[in-house]
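Chemist: Structure here, sequence nowhere to be found:
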């Protein structure tokens, strides 16, 4: 009888679990990426696994291109979105945000190329479109050539379509580990409020619940542990 009751409660819980549809991309190591076997992995994947378990959510992932991550929440295609993303005035008009789940304060993105002779002030700089990094390049007067993903940026550099790229130091580390040796050509720093989870403007209750779960993960050391695993050498900037 006790086992039957336990099974009944478990089944009831699974039936009534609230579905949380998550929009993301999988090309921003170490926040979120695909392993060699095709598995979704990274800081944000493990963070959402904890949030879904503790919040009682049945979480479903939808993978889209980066330029649809925030608009997908605004248009109701996802309940939330995540992927190492941060706030901008344009995004703030479309969605609300949870509290930051990592503390960064100052963002830093690097120029990199295949030669030390590149003058980045005159070069064609490849960057992922619709990102904070694109905004930083444009605001500082650089020639920004946009691509839909970080992988496409690297492919454009190797194909000679751009002279250099602009991305986070952690992503450059991952590229070096993959065998493509790039040369660091300097960096730009800028204010960065830290990555956050995008939520619909008309769902303050979901925002409140997610903030409470993030606070709990901070309090019990889970976020500190995730940072030690995925960012052992420090911060990575938001997209």
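Modeler: Looks like it arrived, so ask away. Note that this is a predicted model, so its numbers are computed, not measured.

Chemist: Could you give the number of residues near residue 195?
Modeler: 27 (other CB atoms under 10 Å). Yep, even glycine has a C-beta here, placed from its N, CA and C like the rest.

Chemist: That one and residue 124, how far apart?
Modeler: 28 Å (CB to CB, to the nearest Å).

Chemist: ok, which stretches of this structure are strands?
Modeler: For the chain, the strands defined by DSSP state E occupy 18-24, 27-28, 32-34, 40-41, 57-63, 80-81, 96-97, 105-113, 124-128, 143-147, 164-168, 183-192, 198-199.

Chemist: List just the one of the ones you listed that sits closest to residue 224.
Modeler: With distances scored as CB to CB, the stretch of the strands of the chain nearest to residue 224 is strand 105-113 (16.8 Å).

Chemist: ok, that closest one: who's next to it in the sheet?
Modeler: Here strand 105-113 has these sheet partners by DSSP bridges: strand 164-168 (antiparallel), strand 183-192 (antiparallel).

Chemist: gap between the shortest one and the chain center?
Modeler: With CA atoms, centre = their mean, to the nearest Å as the basis, strand 164-168 stands 16 Å off its chain's centre.

Chemist: go on, stretch 127-142?
Modeler: On CA atoms, centre = their mean, the centre of stretch 127-142 falls 16 Å from the chain's centre.

Chemist: before we move on, what about stretch 154-164?
Modeler: 23 Å.

Chemist: cool, stretch 31-40 as well?
Modeler: Remark: stretch 31-40 is offset 13 Å from the chain centroid, using CA atoms, centre = their mean.

Chemist: which intervals of the chain have sub-threshold pLDDT?
Modeler: 1-16, 176-179, 234-239 (pLDDT under 70).

Chemist: same thing but 80
Modeler: 1-17, 105, 170, 173-180, 233-239 (pLDDT under 80).

Chemist: just the helices in it please.
Modeler: 2-16, 43-55, 69-74, 89-92, 132-139, 150-158, 169-177, 204-219, 222-230 (DSSP state H).

Chemist: elements contacting the third one?
Modeler: Other helices and strands packing on helix 69-74, by 3 or more CB pairs under 8 Å, 6 or more residues apart in numbering; DSSP states H and E, are strand 18-24, strand 80-81, strand 198-199.

Chemist: Residue 113: which of those strands is closest?
Modeler: strand 18-24 (28.9 Å).

Chemist: Check the offset of that closest one from the chain's centre.
Modeler: The answer for strand 18-24 is 15 Å, by CA atoms, centre = their mean.

Chemist: Not counting it itself, show me its contacts.
Modeler: 32, 44, 48, 52, 55-64, 68-69, 72-73, 77-83 (CB atoms under 8 Å, 6 or more residues apart in numbering).

Chemist: mind listing what's buried in it?
Modeler: Neighbour counts over strand 18-24 (16 or more other CB atoms under 10 Å) mark 20-24 as buried.

Chemist: Would you mind checking which of the residues you listed is nearest to residue 213?
Modeler: Nearest to residue 213 among those, with distances taken as CB to CB, is residue 20, at 11.1 Å.

Chemist: between the helices and strands packed on helix 69-74, which gets nearest to residue 88?
Modeler: strand 198-199 (11.3 Å).

Chemist: For the nearest residue to residue 106 once chain neighbours are set aside, give me its contacts.
Modeler: Nearest non-adjacent residue to residue 106, counting by CB to CB, 6 or more residues apart in numbering: residue 189, 5.5 Å away. By CB under 8 Å, 6+ apart, the contact set of residue 189 is 106-108.
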